[in-house]
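# Kindly generate the corresponding structure for this input.
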Amino acid sequence: MMQALSVRARLTFWYLAVTLIALLIFGLLSVGALRYTLLQLKHSSLMRREQRLTEYVEQNRQKHSAVPLSEQLQNYALIADERDLFQVRDLDGKPVFPPDLASAQWLPRSVRQCGGPTFMDLDVEGNPVTVMCQSTSLDGLQVRLYIGSSLEGSARILSSLRNSLLLLLPCLLGLAAATGFLLSKQAMRPVDRMIKAALSIGIGSLSSRLPVPPARDEIRALAIAWNQLLDRLEGAVARLSKFSADSSHDLRTSITVILATAQLSLRRRRSEEEYRADLDRIVSECRTASTLLDALLSLAHSDNFMHEVAFSRINVGEMVVAGCRRVEDLAESSGLIFDWRLPFEESYVQGDELLLQRLIGILLDNAIKFTPESGQITVEVTANRNEVLVSVRDTGVGMSEDVRQRVFDRHYQADLRERKTQAGNGLGLAIARWIAEAHRAELSVRSTPMQGSEFQIRFPASHEGTSADQAHAA
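Purely as a prediction, here's the structure:
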């Protein structure tokens, strides 16, 4: 039932419930405290009356009065308040005053005995009475003195207080309900503003943010959390838009070439060699489009890379040899001299083996593309205590200083277009850069036009006893 109510209604309900409980506790405590206070006043009054009676009898005894004790008590009763009740009994329970048994019936004979001051509540003719019992000596006689006083006035006061509280309770509950509603409305006002702002944010306005309240409370934390979520969402949408733009631009080129080649082949008959040439061109463009799509998919995930990579301890020599073996046939078919050199001692780094293989593959593929026939490609691994260096050198076309400054940018090809011998998309080295950065490695290039290029990857060395987590956090 409560779950179906709105937050505002639940806040109002709980405020009302807490107020009701507080009022009930306040009322019970107030009535209890007042009743205790009134009883204490009555007890004090009874003790003073007992003191006045004993002093009265003692003064008569000191005056050597010959008046009997019963007559002294009678005289005292005449000057006392009519409503005051008192009896005197001997230690055997026989009445000393009043001697008339009919006048002493207000106190039962079975009333308990007492030594020091003892208080008891009785009902006399339908009225509540509090009685004090005190053992004392009157005119040399050991007696028990019973002094009573009506509680009717105290009962009326307590009844008036209870009635006032009961009458006031509905009014206070109504006021509490209205106050709770207003307070919940005021408390939920920042949430209402956040809801309106959230409803106004769409895919085209992801740069908008929810208002952050100035108070440092849970609503402020909620607004900050939602704004952080919008930041991540905006970044994801921006990457998706960039990915779509990149893929649509480059794939459109390949599709246009494939379509034009096929249409030209269908317009007129051609020789088998011409058909095979057209099919080779189509196959080449399909491979280019496939490579481009793989590169774009990889780059689209690059911003979240550090949360997905699983690091382990990798033997650099074995990794480089595996990468070289993979492209060895391609280099040979391109008429290139291909070689690799490893240090005598094994060297290790912390990283993701599949991504590092991709990094080495990109650099080797780049070297093969831009190295003419009879050129040479050399991969070398060197290591010292602090770092491991992987170098990929070629004797290819090289690059100018301006190209070298921008060679790691996405889709940048510029002056390389007129020198390359195979189709490219300008994404390979961009991918290589974020793989290197994700491994805390430095990827750099040195190049001289028409003399070749050298790409270097500097990894922090991994020593025995260094855990993957420590290397990742370094």
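
# pLDDT of the strand ranked longest in the chain, averaged?
Identified as the longest strand of the chain according to DSSP state E is strand 127-138. On average, the pLDDT along strand 127-138 is 87.

# For the helix or strand following that strand, the averaged confidence score.
Next helix or strand after strand 127-138 toward the C-terminus (DSSP states H and E): strand 141-150. Mean per-residue pLDDT for strand 141-150: 86.

# How about stretch 374-386?
Rounded mean pLDDT across stretch 374-386 is 93.

# what comes up buried for the helix or strand harbouring Glu318?
Glu318 belongs to helix 316-333 when assigned by DSSP H and E. Judged by neighbour count using 16 or more other C-beta atoms under 10 Å, the buried positions of helix 316-333 are 316-317, 319-320, 323-324, 327, 331. Where C-beta positions appear, they are placed from N, C-alpha and C, glycine not excepted.

# Could you dump those residues into a markdown table with distance to His43 added?
What follows is those, written out as a markdown table (distance: C-beta to C-beta, whole Å):
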| residue | distance to His43 |
| --- | --- |
| Val316 | 96 |
| Gly317 | 101 |
| Met319 | 97 |
| Val320 | 101 |
| Gly323 | 101 |
| Cys324 | 106 |
| Val327 | 107 |
| Ala331 | 113 |
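
# of all those, which comes closest to Glu442?
Val316 (14.9 Å; C-beta to C-beta).

# Look up phi and psi at the residue nearest to the closest one when sequence neighbours are not counted.
Closest residue to Val316 apart from its sequence neighbours, by C-beta to C-beta, 6 or more residues apart in numbering: Ser347 at 4.9 Å. Dihedral angles phi and psi of Ser347 (degrees, to the nearest 10) take the values phi -130, psi 150.

# Hmm, Ala383 and Ser347 touching each other?
Yes: the criterion here is C-beta atoms under 8 Å, and Ser347 meets it with Ala383 at 3.7 Å.

# Find residues that contact each of those two.
316, 461 (C-beta atoms under 8 Å, 6 or more residues apart in numbering).

# tell me the contacts of Pro214?
Counting by C-beta under 8 Å, 6+ apart, Pro214 touches Arg220.

# secondary structure class for it?
Taking DSSP: H, G, I helix; E, B strand; the rest coil as the rule, one finds Pro214 in the coil state.

# Numbering from 552 from now on, please.
New numbering, starting at 552: the last item is Pro765.

# With Phe1010 as the reference, measure out to it.
Remark: distance between Pro765 and Phe1010 (C-beta to C-beta, to the nearest Å) = 48 Å.

# what ranges do the helices span in the stretch 602-751 of the chain?
Assigned by DSSP state H, counting those that start in this stretch, the stretch 602-751 of the chain shows helices spanning 620-630, 703-751.

# what's the spacing between the residue nearest the centre of the chain and Ile746?
Centroid-nearest residue in the chain: Ala772, 8.3 Å away (criterion: C-alpha atoms, centre = their mean). To Ile746, Ala772 is 17 Å away according to C-beta to C-beta.

# before we move on, back to that, can I get the helices of the stretch 602-751 of the chain in CSV with mean neighbour count and distance to Asn678?
Output for the helices of the stretch 602-751 of the chain, formatted as CSV (neighbours: other C-beta atoms under 10 Å; distance: least, C-beta to C-beta, whole Å):
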stretch, mean neighbour count, distance to Asn678
helix 620-630, 15, 19
helix 703-751, 13, 5
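
# Could you tell me the least trusted of those helices?
Minimum mean pLDDT among the helices of the stretch 602-751 of the chain: helix 620-630, a mean of 79.

# And for it, what's in contact with it?
604, 607-608, 611, 616, 618, 637, 639, 647-650, 689-690, 692.

# List just the nearest of these to Asp945.
Once C-beta to C-beta is applied, the member of the contacts of helix 620-630 that ends up nearest Asp945 is Phe637, at 125.0 Å.

# isn't the closest one right up against Arg600?
Yes: between Phe637 and Arg600 there is a contact under C-beta under 8 Å: 7.4 Å.

# who touches both of those two?
631, 698.

# Over to Tyr980: give its phi and psi.
I think there's a mix-up here, since residue 980 is Leu and not Tyr. The phi/psi pair for Leu980 (degrees, to the nearest 10) is phi -70, psi -30.

# Next up, the contacts around the residue nearest to it when sequence neighbours are not counted.
Among residues not flanking Leu980 along the chain, Phe959 sits closest, at 5.0 Å (C-beta to C-beta, 6+ apart). Going by C-beta under 8 Å, 6+ apart, Phe959 touches 980-981, 983-984, 994.

# Save those as CSV, and put in pLDDT, secondary structure and distance to Thr730 too.
Below are those laid out as CSV (pLDDT from 0 to 100; DSSP: H, G, I helix; E, B strand; the rest coil; distance: C-beta to C-beta, whole Å):
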residue, pLDDT, secondary structure, distance to Thr730
Leu980, 85, helix, 67
Ala981, 84, helix, 62
Ala983, 87, helix, 66
Arg984, 90, helix, 62
Leu994, 95, strand, 66
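
# Which pair of these spans the longest distance?
Going by C-beta to C-beta, the pair spanning these furthest: Ala981 and Leu994, at 10.8 Å.

# hang on, isn't Val639 packed against Tyr697?
Yes: using C-beta under 8 Å, Val639 makes contact with Tyr697 at a distance of 7.5 Å.

# Can you measure across stretch 645-659, start residue to end residue?
This stretch, stretch 645-659, spans 12 Å end to end (C-alpha to C-alpha, to the nearest Å).

# Give the rounded mean pLDDT of it.
Here the average pLDDT along stretch 645-659 is 73.

# Okay, strands next: where are they in the protein?
Applying DSSP E to the chain gives strands spanning 636-641, 646-648, 669-675, 678-689, 692-701, 863-866, 888-892, 899-902, 927-934, 938-945, 993-999, 1003-1011.

# what inclination does the fourth one have with respect to strand 636-641?
Orientation check (axes from the mean of the first three to the mean of the last three C-alpha atoms, to 10 degrees): strand 678-689 against strand 636-641 gives 40 degrees.

# Give the other helices and strands that strand 678-689 contacts.
If you count contacts as 3 or more C-beta pairs under 8 Å, 6 or more residues apart in numbering; DSSP states H and E, strand 678-689 packs onto helix 558-613, strand 636-641, strand 669-675, strand 692-701, helix 703-751.

# Any chance of a markdown table for these, columns distance to Leu780?
Compiled in a markdown table, these are given as follows (distance: least, C-beta to C-beta, whole Å):
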| stretch | distance to Leu780 |
| --- | --- |
| helix 558-613 | 21 |
| strand 636-641 | 80 |
| strand 669-675 | 69 |
| strand 692-701 | 74 |
| helix 703-751 | 11 |
